[in-house]
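Participant: Need coordinates for the below:
(2 chains)
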Protein chains: 2
Amino acid sequence: MALRHALALDPIPADDPRSDFSGTIRSFDPADPIVRIGDLSAQRGDGVFESLGMVGRHAQEVSAHLERLTRSATLCDLPEPNLAQWREAIARIVVHAPGAGESVQKLILSRGIDGEETPTAWLTLADAPDNTAARRDGIRVATLDRGFASDMPSRAPWLLLGAKTLSYAVNMAAIREARRRGADDAVFVSADGYVLEGPTASVILRQGGRYLTPEPAAGILHGTTQRSIFHHLRSTGAEVAYASITRDELLAAEAAWVVSSIRLAAPIVAIDGEEKERDAAVTASLNNYLLSPRD
Amino acid sequence: MALRHALALDPIPADDPRSDFSGTIRSFDPADPIVRIGDLSAQRGDGVFESLGMVGRHAQEVSAHLERLTRSATLCDLPEPNLAQWREAIARIVVHAPGAGESVQKLILSRGIDGEETPTAWLTLADAPDNTAARRDGIRVATLDRGFASDMPSRAPWLLLGAKTLSYAVNMAAIREARRRGADDAVFVSADGYVLEGPTASVILRQGGRYLTPEPAAGILHGTTQRSIFHHLRSTGAEVAYASITRDELLAAEAAWVVSSIRLAAPIVAIDGEEKERDAAVTASLNNYLLSPRD
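Facilitator: Next up is the predicted model:
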């Protein structure tokens, strides 16, 4: 994913009331090095991030992403982000996106340089990969054990299971393992057999006409795209709910999707090699909605 | 930990037979940015590392650390490191260490820039923090659930439990949680109650005169310092073994230590607030050994 533009932020305290962010946000060429090797993002994956979809120059669901960035920062004992500064940075980077087509914005908040106690932050802009095939033809998934029982997150908050941290090595390893198994992506299942999430996506399924997604309390990220879809489905009169979902229920669902900010709604067409029913009409309608400007 | 010197490596293939590494290793000032924001070390903690202790200009246990770097790379599907190139880089950085006292070398191997498929790598040198008090007076530990059952690592290699990856956010969160509990460091326990390791250290205890450490197969790193200590203890006629160790056995041990490359052997003086017996003579002898030049 070649980067098109990048900004470096000097994060200011959340309660700093200024509205002029001059000097705290700098543009740079993403081909140039900008991160010091002592930065804890590079040393220990010690920071949090968000990936936002963009359609043309409109950044999708900014408030939901900033809300989750704040929540991730809290879970990681990072200083609370100043959202006015982040909104200003987002406003400054969107103008570098092409007027049409999809882009990706990534917000990165690091604990900063080891020993300096000051967070560092960046915002990047890239062209989105072409996800047409995944949205239309779907993806094959492999279910992989995430290792934790579903009651673990509440008992062990130091596992950071609800935070979107920069420590994504396991998420990436799971995708590689799924590919080794002939699938396109993974779906994590808890040690006690409940469906959790994909390494970079949420899972939604339809069962008896109702749309279900796993409980965020099971140690998964509360998906911004999943929330947006639930809001949309509710507005069309559909029933939506958070639920405990077993692997067998996922297999038996009328239709299922992995949903995320960039790939949007990808129908699951096979689970561990077993073909899955799909609903092309609902998939098209979801992606149509997800590609419309959303706030 | 202020960095004293740094090198950037352009990693060459493991089977590249060259012995002249000109052009593949560059010195830089660690205060200058050298990492591109697209680097997967900073974006996703997607890489592996090693921390080596140095006494004067002697790097300790280089072979053991390079062996583990290779193992971590394999577990993460990274290209095998060229160890001759790494040895050359280590030889080039040691001259920047002070002639006496302790330093820290860190080897970082990243998957590289997102989309470019070429690993990036760095080697840094810093003065070691002063660990005199931890080695002499010991540390208080809090036991924290690591979330996984002890049979999980073999069933789920995508969890990367034996790899020393850059995704250390949970390790850092565990140390912060331990401090909130009034301790200095954490000791992870498996979901089924077995002692695993510290977030940045191995655990050794003495029981009935024997020195025991948890099985590496339980999803922990095989500690270079632990191995070195076992080698040393064996040479003095002591009995050493890998074993399954419960939290109760740790509490009941005659003495226990957390051991690592930089802090060396720190006696555990309290576990979850419960005071612990110690053995000052053995502790002093272990640290004396660990501070001698080792290969």
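Participant: Any idea how many residues pack against the closest residue to A:Leu221 other than its chain neighbours?
Facilitator: Nearest residue to A:Leu221 in three dimensions, chain neighbours excluded: A:Lys164, at 5.6 Å (Cβ to Cβ, 6 or more residues apart in numbering or on different chains). Bear in mind the C-beta positions are built from the backbone N, C-alpha and C, glycine included. Residues lying near A:Lys164 (other Cβ atoms under 10 Å in any protein chain shown) number 24.
Participant: so what's A:Lys164 up against?
Facilitator: Contacts for A:Lys164 (Cβ atoms under 8 Å, 6 or more residues apart in numbering or on different chains) come out as A:Val48, A:Phe49, A:Glu50, A:Arg68, A:Leu69, A:Ser72, A:Leu221.
Participant: what do you get for A:Val189?
Facilitator: A:Val189 is in contact with A:Thr143, A:Leu144, A:Asp145, A:Arg146, A:Val195, A:Leu196, A:Arg247, counting by Cβ under 8 Å, 6+ apart.
Participant: Just the closest of the contacts of A:Lys164 to B:Thr24, please.
Facilitator: A:Phe49 (31.0 Å; Cβ to Cβ).
Participant: The closest one is in contact with A:Leu107, isn't it?
Facilitator: Yes - at 6.1 Å, A:Phe49 counts as touching A:Leu107 under the criterion of Cβ atoms under 8 Å.
Participant: between these two, what contacts are shared?
Facilitator: A:Leu69.
Participant: By neighbours, which of the contacts of A:Lys164 wins?
Facilitator: Neighbour max across the contacts of A:Lys164 (other Cβ under 10 Å) = A:Val48, 30 neighbours.
Participant: for the host helix or strand of that one, the distance to its chain's centre please.
Facilitator: Per DSSP states H and E, A:Val48 falls inside strand A:47-55. With Cα atoms, centre = their mean, to the nearest Å as the basis, strand A:47-55 stands 7 Å off its chain's centre.
Participant: Next: stretch A:119-133.
Facilitator: 11 Å.
Participant: can I have that stretch written out in PDB, keeping just the CAs?
Facilitator: What follows is the C-alpha trace of stretch A:119-133 in PDB, where atoms were taken according to Å, rounded to 0.1, in the frame of the first residue of the first chain:
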ATOM      1  CA  PRO A 119       3.700  10.400  22.800                       C
ATOM      2  CA  THR A 120       4.400  10.600  19.000                       C
ATOM      3  CA  ALA A 121       1.700  10.400  16.300                       C
ATOM      4  CA  TRP A 122       1.300  10.200  12.600                       C
ATOM      5  CA  LEU A 123      -1.500  10.200  10.000                       C
ATOM      6  CA  THR A 124      -1.000   8.500   6.600                       C
ATOM      7  CA  LEU A 125      -3.000   8.500   3.400                       C
ATOM      8  CA  ALA A 126      -2.800   5.700   0.800                       C
ATOM      9  CA  ASP A 127      -4.900   4.500  -2.100                       C
ATOM     10  CA  ALA A 128      -7.100   1.700  -1.000                       C
ATOM     11  CA  PRO A 129      -6.500  -1.700  -2.600                       C
ATOM     12  CA  ASP A 130      -9.100  -2.900  -5.100                       C
ATOM     13  CA  ASN A 131     -11.600  -4.800  -3.100                       C
ATOM     14  CA  THR A 132     -14.200  -5.300  -5.800                       C
ATOM     15  CA  ALA A 133     -13.700  -9.100  -6.000                       C
END
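Participant: Check which residues of it are buried.
Facilitator: By neighbour count on 16 or more other Cβ atoms under 10 Å in any protein chain shown, the buried set for stretch A:119-133 is A:Pro119, A:Thr120, A:Ala121, A:Trp122, A:Leu123, A:Thr124, A:Leu125, A:Ala126, A:Asp127, A:Ala128, A:Asn131.
Participant: Now, those that are in strands?
Facilitator: Of the positions in the buried residues of stretch A:119-133, A:Thr120, A:Ala121, A:Trp122, A:Leu123, A:Thr124, A:Leu125, A:Ala126, A:Asp127 sit in strands, assigned by DSSP state E.
Participant: shouldn't the second one be in contact with A:Thr24?
Facilitator: Right, A:Ala121. No - taking contacts as Cβ under 8 Å, A:Ala121 lies outside contact range of A:Thr24: 9.7 Å.
Participant: Would you mind stating the distance between the residue of chain A found nearest chain B and A:Leu9?
Facilitator: Residue of chain A nearest chain B, by Cβ to the nearest Cβ: A:Gly45 (2.2 Å). To A:Leu9, A:Gly45 is 19 Å away according to Cβ to Cβ, to the nearest Å.
Participant: Comparing the two, which residue is more hemmed in?
Facilitator: A:Gly45 (29 against 23).
Participant: Find the nearest non-adjacent residue to A:Ile12, please.
Facilitator: Per Cβ to Cβ, 6+ apart, closest to A:Ile12 is A:Asn82, 5.0 Å.
Participant: do the same with A:His5
Facilitator: A:His96 (3.9 Å).
Participant: any idea which element that neighbour lies in?
Facilitator: A:His96 belongs to no helix or strand, assigned by DSSP H and E.
Participant: right, and it touches A:Leu125 too?
Facilitator: Yes - using Cβ under 8 Å, A:His96 makes contact with A:Leu125 at a distance of 5.5 Å.
Participant: what residues are shared contacts of those two?
Facilitator: Joint contacts of A:His96 and A:Leu125 (Cβ under 8 Å, 6+ apart) are A:Arg4, A:His5.
Participant: you'd agree the residue nearest to A:Ile12 is up against A:Leu9?
Facilitator: No - with contact defined as Cβ under 8 Å, A:Asn82 does not count as touching A:Leu9 (9.1 Å).
Participant: Tell me which stretches of the stretch 101-250 of chain A form strands.
Facilitator: A:102-110, A:120-127, A:139-145, A:185-189, A:202-207, A:210-214, A:240-243 (DSSP state E, counting those that start in this stretch).
Participant: Using neighbour counts, pick out the buried residues of stretch A:23-37.
Facilitator: Buried residues in stretch A:23-37, counting neighbours by 16+ other Cβ under 10 Å, are found at A:Thr24, A:Ile25, A:Pro30, A:Pro33, A:Ile34, A:Val35, A:Arg36, A:Ile37.
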